[in-house]
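Visitor: Using only what follows, build the 3D model:
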Amino acid sequence: MESVIDQACAAALYAEGDAALDTGASLLAAAPDADDALHRRGEEFVTRAWGRGWLPADLVRFVRLELDERRAVLAATLIAAETARYGELPPRWRAQLDELPGRPPAPRNKPDRFSYASDLLELFRLLLRLPAIEPVGPAPGTAADHLHRPPAADEPRMLTRIRALLAKAEATGFPEEAEALTAKAQELMARHSIDEALIAARSHSAGSPGACRIGVEPPYESAKAILLDAVASANRCQAVWNGDLGFSTVVGFEPDLEVVELLFTSLLVQGTAAMTRAEAGQRASGRKRTKTFRQSFLMAYAQRLGSRLADSAERATADAATATGADPESAAAPTVLLPVLAARDVAVTETTERMFPRTTTTRVRGATDLDGWNHGTEAADRARMGGPGKGHRGRGGNGHGRGGGEIMA
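Guide: Residues are numbered from 1 along each chain as shown. Presented below is the predicted three-dimensional model:
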């Protein structure tokens with residue numbers, strides 16, 4: 001005899017509309033003894049998502065975009081329960097699990113049994129139809145495929161210092177102080193990445209590029225994607241944006257991926273704070289066009305930073321290559337450093353093309369609000385920040401005019 005779980009899923013998951021959900025939810029509401037089995041079924045859908053290339057943060061983000069925060073918390077509850085069965089998790093997963101929303105588990109059967117069952121079934125319906133996406137690491141419970149080099153158990157002291165500088169830059173209300181802090185972080189980032197590249201070359205490490213996903217969520221997601229592309233390009237990485245699923249996949253060597261995540265998050269925080277301050281001034285003068293101002297601000301911010309990041313990256317690499325050029329035995333001499341960096345660029349490009357053989361270059365709409373553009377450009381100048389090298393496919397814009405940027409998608 002078919003279980004009530006199978007009956008409810010058959011009624012709700014393979015048909016469209018609320019009527020099908022109501023039928024399934026009614027069956028479940030009348031069967032309190034099936035609650036545990038219902039959640040186990042949800043965990044099975046989560047396991048299937050891992051096999052399709054999804055990670056915890058991706059899954060929660062997509063549920064939030066397609067449904068709402070309430071269902072995102074339910075998804076987090078299922079994820080926490082499903083991943084608890086593994087003795088060891090792939091790199092990056094633990095940090096994502098620590099950031100799950102709603103402090104799972106969410107209370108069951110709230111506000112009532114029928115509504116709760118309906119929410120779960122709608123979530124199951126979404127999970128059932130998840131598309132397969134490019135994997136960026138092994139799924140839990142499988143043999144590692146070495147796409148990622150696992151981060152060290154203890155974060156390098158250099159990254160700890162960079163993280164602290166960026167946190168101070170985000171917290172201060174004084175642009176000059178933020179500029180000084182981010183400039184110092186820029187210097188440390190460049191040195192960290194180049195040192196890692198040289199160490200790998202001297203030790204003949206067999207490491208290969210990996211990948212990570214970074215959320216690029218509404219509103220103003222196109223401007224955010226351009227900013228991330230600029231940060232990735234300046235740090236010898238490449239970014240591919242999937243606007244439908246709300247993220248970009250960044251491909252690069254592990255030390256560079258860590259820098260991209262730190263820098264993008266910090267610049268987005270700084271840019272949003274600057275936009276809020278500029279917008280308050282606009283409202284005080286009687287302006288009403290908040291949406292166009294914000295879009296233009298962030299587009300200018302992203303494109304101007306793209307230009308500055310590329311320039312800073314080139315200077316950092318040139319300085320590292322020539323600082324000890326008089327000493328041919330130096331590991332940072334041009335004859336050693338530049339071929340090492342070029343080889344890493346080639347490896348990143350090949351990995352990106354293998355993961356995304358059918359990417360296209362997407363041109364996004366330009367800005368339409370001159371005040372927003374000017375304020376965004378000024379904010380980008382204050383938040384100057386650079387990385388260790390120039391990637392091949394950075395399309396963050398050249399910082400001239402108010403045209404749209406280009407990104408891989």
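Visitor: Can you list the buried residues in the helix or strand Phe45 falls within?
Guide: Element membership of Phe45, judged by DSSP states H and E, is helix 35-51. Neighbour counts using 16 or more other C-beta atoms under 10 Å place Asp35, Leu38, His39, Arg41, Gly42, Glu43, Phe45, Val46, Thr47, Ala49, Trp50 of helix 35-51 among the buried residues. Backbone N, C-alpha and C define where each C-beta goes, glycine included.
Visitor: Thought Ala25 was touching the second one, still the case?
Guide: No - the pair Leu38 and Ala25 does not pass the contact test of C-beta atoms under 8 Å, sitting 10.8 Å apart.
Visitor: To what extent is Phe174 buried, counted in neighbours?
Guide: 9 (other C-beta atoms under 10 Å).
Visitor: In terms of pLDDT, where does it sit?
Guide: Looking at Phe174, its pLDDT reads 76.
Visitor: Contact partners for it?
Guide: Remark: with contacts taken as C-beta atoms under 8 Å, 6 or more residues apart in numbering, Phe174 is in contact with nothing.
Visitor: And it, how far from Ala180?
Guide: Between Phe174 and Ala180 the computed distance is 9 Å (C-beta to C-beta, to the nearest Å).
Visitor: ranges for the helices of this structure?
Guide: Using DSSP state H, the helices of the chain run over 4-12, 18-29, 35-51, 56-66, 69-83, 93-98, 113-128, 157-171, 175-202, 221-234, 254-284, 290-322, 334-355, 370-382.
Visitor: packing partners for the last one?
Guide: Spelled out, that is helix 370-382. helix 175-202, helix 254-284, helix 290-322 (3 or more C-beta pairs under 8 Å, 6 or more residues apart in numbering; DSSP states H and E).
Visitor: let's see 10 Å
Guide: Here helix 370-382 touches helix 175-202, helix 221-234, helix 254-284, helix 290-322, going by 3 or more C-beta pairs under 10 Å, 6 or more residues apart in numbering; DSSP states H and E.
Visitor: give me the low-pLDDT residue ranges for the chain?
Guide: Residues of the chain meeting the criterion pLDDT under 70: 1, 104, 143-156, 186, 204-206, 287-289, 323-335, 363-369, 373, 382-406.
Visitor: Pick the most buried one from the helices and strands packed on helix 370-382.
Guide: helix 221-234 (a mean of 29; mean count of other C-beta atoms under 10 Å).
Visitor: how much does the helix holding Phe45 deviate in direction from helix 69-83?
Guide: 80 degrees (axes from the mean of the first three to the mean of the last three C-alpha atoms, to 10 degrees).
Visitor: Which strands or helices does helix 35-51 pack on?
Guide: So helix 35-51, by 3+ C-beta pairs under 10 Å, 6+ apart, packs with helix 4-12, helix 18-29, helix 56-66, helix 69-83, helix 113-128.
Visitor: ok, back up a step: which member of the buried residues of helix 35-51 is positioned nearest Ala8?
Guide: Leu38 (7.9 Å; C-beta to C-beta).
Visitor: what's the closest of the helices of the chain to Thr361?
Guide: Going by C-beta to C-beta, the one of these nearest Thr361 is helix 221-234, 10.7 Å.
Visitor: could you give the angle of that closest one to helix 370-382?
Guide: 30 degrees.
Visitor: burial of Leu55, as a residue count?
Guide: 24.
Visitor: If you could redo that for Ala29, that was the one I meant.
Guide: 17.
Visitor: Also Thr160?
Guide: 11.
Visitor: how far away is it from Cys9?
Guide: Taking C-beta to C-beta, one finds Thr160 at 47 Å from Cys9.
Visitor: anything in contact with each of Leu38 and Ala25?
Guide: Residues touching both Leu38 and Ala25 (C-beta atoms under 10 Å, 6 or more residues apart in numbering) are Ala8, Tyr116, Ala117, Leu120, Leu121.
Visitor: Out of those residues, which two are the most distant from each other?
Guide: Ala8 and Tyr116 (12.6 Å).
Visitor: which of these two has more neighbours?
Guide: Ala8 (27 against 21).
Visitor: Distance check, the more buried one against Ile79.
Guide: Distance from Ala8 to Ile79, by C-beta to C-beta: 21 Å.
Visitor: swap in Gly210?
Guide: 22 Å.
Visitor: How about Asp345?
Guide: In terms of C-beta to C-beta, Asp345 sits 36 Å off from Ile79.
Visitor: next one: Gly306
Guide: 35 Å.
Visitor: likewise Ala30?
Guide: 28 Å.
Visitor: more neighbours, these two?
Guide: The residue with more neighbours, out of Ala30 and Ile79, is Ile79; 26 against 13, by other C-beta under 10 Å.
Visitor: and of the helices of the chain, who's closest to Ser248?
Guide: Comparing the helices of the chain by C-beta to C-beta, helix 221-234 comes nearest, at 5.2 Å.
Visitor: okay, now Ser285: neighbour count?
Guide: Residues near Ser285, counting by other C-beta under 10 Å: 7.
Visitor: residues touching it, list them.
Guide: Asp371.
Visitor: same check, this time on Thr265
Guide: Counting by C-beta under 10 Å, 6+ apart, Thr265 has contacts Leu166, Glu170, Ile214, Gly215, Leu228, Val231.
Visitor: so what's the second one closest to, chain neighbours aside?
Guide: Pointing back at Glu170 there. Among residues not flanking Glu170 along the chain, Val269 sits closest, at 4.7 Å (C-beta to C-beta, 6 or more residues apart in numbering).
Visitor: My read is that the one you found contacts Leu166, right?
Guide: Yes - Val269 lies in contact with Leu166 (C-beta atoms under 10 Å); the separation is 8.6 Å.
Visitor: how about the helices of the chain in JSON lines, adding distance to Pro107?
Guide: Below are the helices of the chain laid out as JSON lines (distance: least, C-beta to C-beta, whole Å):
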{"stretch": "helix 4-12", "distance to Pro107": "20"}
{"stretch": "helix 18-29", "distance to Pro107": "16"}
{"stretch": "helix 35-51", "distance to Pro107": "12"}
{"stretch": "helix 56-66", "distance to Pro107": "18"}
{"stretch": "helix 69-83", "distance to Pro107": "9"}
{"stretch": "helix 93-98", "distance to Pro107": "20"}
{"stretch": "helix 113-128", "distance to Pro107": "9"}
{"stretch": "helix 157-171", "distance to Pro107": "34"}
{"stretch": "helix 175-202", "distance to Pro107": "42"}
{"stretch": "helix 221-234", "distance to Pro107": "32"}
{"stretch": "helix 254-284", "distance to Pro107": "31"}
{"stretch": "helix 290-322", "distance to Pro107": "36"}
{"stretch": "helix 334-355", "distance to Pro107": "40"}
{"stretch": "helix 370-382", "distance to Pro107": "42"}
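Visitor: That concludes my questions; thank you for your assistance.
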